[in-house]
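*Asks:* Take this sequence and fold it.
(one chain, ligands or ions: 2)
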Amino acid sequence: VQPWSPPTPVDTWHLVAGADALRPGRVLPVEVGGERSLVAVGPAGPFTLRARCPHQGADLSGGRLDGERLRCPLHGLGFSPDGRCDRAGVPAAAPGTVDVGAGAVFVHPAPARGRVPLPERFGPLAWSAARPERVPVPWTTILVNAFDLHHLRPVHRREVVSPPVLDQPAPDQLRMRYATRPIGRGLSDRVTRALSPAPLDIHLTLVGALLMWVEVDLGRARTTAVVGLTPRGEETVLWLAVGVPRTLGWSLRARLARWLYRTFLRRDLPILRDVRLSPRSDLPEDATVQRLVDFLEARPGR
Ligand code: FES
Ligand SMILES: [Fe+2]
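*Replies:* Ligands and ions are numbered 1, 2, ... in the order given. Predicted structure coming up:
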């Protein structure tokens, strides 16, 4: 069986930085679909351009803001937020769409894409800014693992207590709803059980191809994780921001939630390191993964 390696998605929203990286007047170098881009915060708010200067190719992310214009570091030509150059005869720089929310900065490489769809199951939340972590597995492995309920018991010591329901709340989103109960004896299992005697009610939503919302209702505690994936060949930079309801002690609860998400992920990594995916399987337990693969392969403009 051939390992599954679809092309790296470009035409989708990308999580490129934590929200705290943006400051008025700052030019932030970012990576979007394997290409250098920038997010600059001008007087009218943030905008994004492809970093290659259309004049002679210098890296615009090393430039500076001059009012609302971005000045190229090489010859000083100015580019407005929509990409137009202040000198006639120089082609426009390529603008994309930038949006900020849920503790993170999101960029779509195409212009005028509106707002990134954000998780809203639990209403407005307080967010801790997204932080990057390099993990030694390809982006596809992380997505497949997220939709793989078959490994929950052996790897995460979680029992699935309700059959998963999959749907597409929007054409470019795949959502899986299910409930699990921790059955392990590790510290994080015991903390989770202490927070919630009832099963965990989980909504996992894939937005495009490189963003996931993980919304967990533990009864007394509610958390949302925003996960962004930046493919780097056989590795992935994984961004995690965590949101909790803004009530007393929220920052402590956000830290606890972040620890729970990271502990959960750490159980996967040693096992996934050498996995080369061939996700086609006829086992009924693997149906959710099959649905994910079908979704990714049917995406337009991938
Ligand atoms: S290369 Fe950017 S202004 Fe010349
Ligand atoms: Fe996992």
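
*Asks:* For the lowest-mean-pLDDT helix or strand in the chain, buried residues please.
*Replies:* Here the helix or strand of the chain ranked lowest by mean pLDDT, DSSP states H and E is helix 269-272, holding a mean of 83. Across helix 269-272, burial judged by 16 or more other C-beta atoms under 10 Å covers residue 272. In this view, the C-beta of every residue, glycine as well, is placed from N, C-alpha and C.

*Asks:* cool, stretch 188-206 as well?
*Replies:* Here stretch 188-206 shows 188-189, 192-193, 195-196, 199-206 as buried, counting by 16+ other C-beta under 10 Å.

*Asks:* next one: stretch 168-176
*Replies:* Within stretch 168-176, the residues scored as buried using 16+ other C-beta under 10 Å are 172, 173, 174, 175, 176.

*Asks:* In strands only, show me these.
*Replies:* The strands, defined by DSSP state E, take in 173, 174, 175, 176 from those.

*Asks:* Looking at those residues, spot the one nearest ligand 2.
*Replies:* Ligand 2 has its nearest neighbour among those in residue 176, at 13.1 Å by C-beta to the ion.

*Asks:* Tell me how far the closest one lies from residue 189.
*Replies:* Remark: distance between residue 176 and residue 189 (C-beta to C-beta, to the nearest Å) = 22 Å.

*Asks:* for residue 160, same thing?
*Replies:* Residue 160 sits 15 Å away from residue 189, going by C-beta to C-beta.

*Asks:* just residue 175 next, same as before
*Replies:* For residue 175, the distance to residue 189 equals 26 Å [C-beta to C-beta].

*Asks:* again with residue 16
*Replies:* 34 Å.

*Asks:* just residue 19 next, same as before
*Replies:* Look at residue 19 and residue 189: by C-beta to C-beta, they are 31 Å apart.

*Asks:* again with residue 42
*Replies:* Distance, residue 42 to residue 189, by C-beta to C-beta: 48 Å.

*Asks:* interface residues of this protein facing ligand 1?
*Replies:* Counting by C-beta under 6 Å from any ligand atom, the residues of the chain close to ligand 1 are 53, 55, 56, 58, 72, 74, 75, 77.

*Asks:* Give me the buried subset of those residues.
*Replies:* Buried, going by 16+ other C-beta under 10 Å: 53, 55, 58, 72, 77, out of the residues of the chain next to ligand 1.

*Asks:* Surely the third one and residue 71 touch.
*Replies:* This means residue 58. No - counting by C-beta atoms under 8 Å, residue 71 is not a contact partner of residue 58; they are 10.8 Å apart.

*Asks:* I'd guess residue 152 is in a strand, am I close?
*Replies:* No - counting by DSSP: H, G, I helix; E, B strand; the rest coil, residue 152 is not part of a strand but helix.

*Asks:* and residue 137, how many residues sit next to it?
*Replies:* The number of residues packed near residue 137 is 21, by other C-beta atoms under 10 Å.

*Asks:* Quick check, the residue in the stretch 151-300 of the chain closest to ligand 1?
*Replies:* Proximity of the stretch 151-300 of the chain to ligand 1 (C-beta to the nearest ligand atom) peaks at residue 230, 26.0 Å away.

*Asks:* measure that residue to residue 173 for me?
*Replies:* From residue 230 over to residue 173 (counting by C-beta to C-beta), the distance is 20 Å.
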